[in-house]
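Colleague: next one to model:
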Amino acid sequence: AQIPQQATAESPLSPLLPPALRLATAGTKPPAPSMQAAADAALPVLDLGTLERTTAFLPPEMALSHLRTLVQKVEALLRGLRIPSAVAATGGTLAEAAHSLAGSAGLFGFARLAAVARRFECAVETGTAAAEAAASDLILALEATRRELNQRTTTTVET
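Modeller: As a prediction, this is how the structure comes out:
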């Protein structure tokens, strides 16, 4: 599940908008970071339907392997974000890891992590002051996802 970019008159997607919508969105801006953070926090940690649809196409061992890889990526990014001044020192590397994780997380239904990781990546790439706040939100999303993944991978092994 990918979160679409907001199309406005000034965005790269504007040529794809109908003329009336281009006029209606002229001068609009994406939501403020605090509003986006609230919207991200309202997303479920796990969309069980997405997880079930994705894993239905995989042999159980492969699905478990993908989930365990996701755990490893979550833990690696958590370690990186917890280093003091990490965003300032290695923001680009962390943004790349967040980008990779966002895709995998979204594919397996971890909607909140996917959204927050994309927001962090964007904040780092644009050099906004919101990068530190996004990093804090990302840590919370990573921790919630790790708890869910640990529960899922433990449950899967036992069944």
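Colleague: mean confidence score for the helix or strand where Cys122 lies?
Modeller: Using DSSP states H and E, Cys122 sits within helix 111-126. Mean per-residue pLDDT for helix 111-126: 94.
Colleague: can you give the contact residues for it?
Modeller: 1-3, 33, 36-37, 39-41, 43-47, 50, 74, 87, 91-92, 94-95, 98-99, 101-103, 105-106, 130-131, 133-135, 137-138, 140-142, 144-145 (C-beta atoms under 8 Å, 6 or more residues apart in numbering). In this view, the C-beta of every residue, glycine as well, is placed from N, C-alpha and C.
Colleague: how about a cut-off of 6 Å?
Modeller: 3, 36, 40, 43-45, 47, 91, 95, 98-99, 101-102, 105-106, 130-131, 134, 137-138, 141, 145 (C-beta atoms under 6 Å, 6 or more residues apart in numbering).
Colleague: name the SS class of Pro44, please.
Modeller: Of the three states, Pro44 takes coil under DSSP: H, G, I helix; E, B strand; the rest coil.
Colleague: could you check the angle the host helix or strand of Glu96 makes with helix 111-126?
Modeller: In this structure, Glu96 sits in helix 86-107 according to DSSP H and E. Between helix 86-107 and helix 111-126, the angle comes out at 140 degrees (axes from the mean of the first three to the mean of the last three C-alpha atoms, to 10 degrees).
Colleague: ok, and what's touching helix 86-107?
Modeller: So helix 86-107 is contacted by 1, 54, 70, 73, 77, 80, 113-114, 117-118, 120-121, 124-125, 131-132, 135 (C-beta under 6 Å, 6+ apart).
Colleague: now the helix holding Cys122: how far from the chain's centre is it?
Modeller: Averaging C-alpha positions (C-alpha atoms, centre = their mean, to the nearest Å) puts helix 111-126 5 Å from its chain's average.
Colleague: convert the C-alpha atoms of that helix to PDB, please.
Modeller: Taking Å, rounded to 0.1, in the frame of the first residue of the first chain, the C-alpha atoms of helix 111-126 are listed here in PDB:
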ATOM      1  CA  ALA A 111       0.900   1.100   7.300                       C
ATOM      2  CA  ARG A 112       2.000   3.400  10.100                       C
ATOM      3  CA  LEU A 113       5.700   2.500   9.700                       C
ATOM      4  CA  ALA A 114       5.400   2.900   5.900                       C
ATOM      5  CA  ALA A 115       3.900   6.400   6.300                       C
ATOM      6  CA  VAL A 116       6.200   7.600   9.000                       C
ATOM      7  CA  ALA A 117       9.300   6.300   7.200                       C
ATOM      8  CA  ARG A 118       8.300   8.100   4.000                       C
ATOM      9  CA  ARG A 119       7.700  11.300   6.000                       C
ATOM     10  CA  PHE A 120      11.200  11.000   7.700                       C
ATOM     11  CA  GLU A 121      12.800  10.300   4.300                       C
ATOM     12  CA  CYS A 122      11.200  13.400   2.800                       C
ATOM     13  CA  ALA A 123      12.100  15.600   5.800                       C
ATOM     14  CA  VAL A 124      15.800  14.500   5.600                       C
ATOM     15  CA  GLU A 125      16.000  14.900   1.800                       C
ATOM     16  CA  THR A 126      14.500  18.400   1.900                       C
END
